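# Fold the stuff below for me.
(one chain, ligands or ions: 2)
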Amino acid sequence: MASGNLPKLQRKMKKELDAERYQHTLGVMYTAASLAMCYGEDVEKAEMAGLLHDCAKCIPNDRKIRMCRDYGLEISKVELNAPYLLHSKLGAHLARVKYGITDEDILGAIMWHTTGRPNMTTLEKIIFIADYIEPGRTKAQNLPEVRKLAFHDLNLTVCRILEDTLHYLDSGKGEIDPMSRSAFRYYHNLFFETEDKGSSLTV
Ligand code: FE
Ligand code: FE
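Ligands and ions are numbered 1, 2, ... in the order given. Model (predicted):
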């Protein structure tokens, strides 16, 4: 497996991230490992993706923008308004060029961990969910329910998280990346296509 060296990268993340973010990172890493065990996914890949998912999070926003430009990574209008969103694509890029990750599934999991996307891989779903439910999280709605659901149905959990996140952001608490809406539409349709017993959310 081309995932590199976990303990060594863990030491690097400890230096790269502030204490709170590092703690969150460990939470995501262990939660992702547990979900990988539950769903028969590669546990080491899940740990690696969890460890690196926020590797660009503590870079100041102006520097995130500059680095994306330097690396030729496209910046959308929404991302320019909310540069924290850039930590996903910049993180995926740094994982490749700075931390030596070549596994496309790990890179995809880092890339899509904030917004999700339609038709995610199992590893992408695991990191997306682990980021939301890791033990250090306290603020999101319905956490106990979502945490339990995560170990029963990945797609339904992704759908639920996207719905709760869009509701939260729709109430004016943050910028919405159009990709989150596309992802929600996709996962919502998996369950509620024929008979719409879903949410009242306009997407
Ligand atoms: Fe993140
Ligand atoms: Fe995170």
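
# can you give me the mean pLDDT across stretch 164-180?
Averaged across stretch 164-180, pLDDT comes to 91.

# in it, what's buried?
164, 165, 166, 169, 176, 177, 179, 180 (16 or more other Cβ atoms under 10 Å). Glycine gets a C-beta too; all of them are placed from N, C-alpha and C.

# Over to stretch 20-27?
Neighbour-count burial for stretch 20-27 flags 22, 24, 25, 26, 27 (criterion: 16+ other Cβ under 10 Å).

# for the fourth one, phi and psi?
With angles defined as degrees, to the nearest 10, residue 26 shows backbone torsions of phi -60, psi -40.

# can you tell me how far it sits from residue 50?
Residue 26 sits at a distance of 8 Å from residue 50 (criterion: Cβ to Cβ, to the nearest Å).

# go on, the last one?
Using Cβ to Cβ, we find residue 27 at a distance of 8 Å from residue 50.

# before we move on, the earlier item: identify, from the buried residues of stretch 164-180, the entry nearest to residue 92.
Sorting the buried residues of stretch 164-180 by distance to residue 92 puts residue 179 at the head of the list, at 13.8 Å, by Cβ to Cβ.

# Residue 115 is in contact with the closest one, correct?
Yes - distance between residue 179 and residue 115: 4.1 Å, which falls inside the contact criterion (Cβ atoms under 8 Å).

# Need phi/psi at the spatially most central residue of the chain.
When the chain is reduced to its mean C-alpha position, the closest residue under Cα atoms, centre = their mean turns out to be residue 113, at 1.7 Å. The phi and psi torsions at residue 113 (degrees, to the nearest 10) take the values phi -70, psi -20.

# related to what we said a few turns ago, which of the buried residues of stretch 20-27 lies closest to ligand 2?
Relative to ligand 2, the closest of the buried residues of stretch 20-27 is residue 24; by Cβ to the ion it sits at 5.7 Å.

# what separates that closest one from residue 132, distance-wise?
For residue 24, the distance to residue 132 (Cβ to Cβ) stands at 11 Å.

# contacting residues around residue 179?
Residue 179 sits next to 112, 115, 116, 117 when contact means Cβ atoms under 8 Å, 6 or more residues apart in numbering.

# ok, which of the residues you listed also contact ligand 2?
Checking the contacts of residue 179 against ligand 2 by Cβ under 5 Å from the ion, not one of them is in range.

# From those residues, list the buried ones, please.
Among these, the ones that count as buried by 16+ other Cβ under 10 Å are 112, 115, 116, 117.

# hang on, the earlier thing: could the contacts of residue 179 go into JSON lines alongside secondary structure and pLDDT?
As requested, the contacts of residue 179 are exported to JSON lines (DSSP: H, G, I helix; E, B strand; the rest coil; pLDDT from 0 to 100):
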{"residue": "112", "secondary structure": "coil", "pLDDT": "98"}
{"residue": "115", "secondary structure": "coil", "pLDDT": "97"}
{"residue": "116", "secondary structure": "coil", "pLDDT": "98"}
{"residue": "117", "secondary structure": "coil", "pLDDT": "98"}
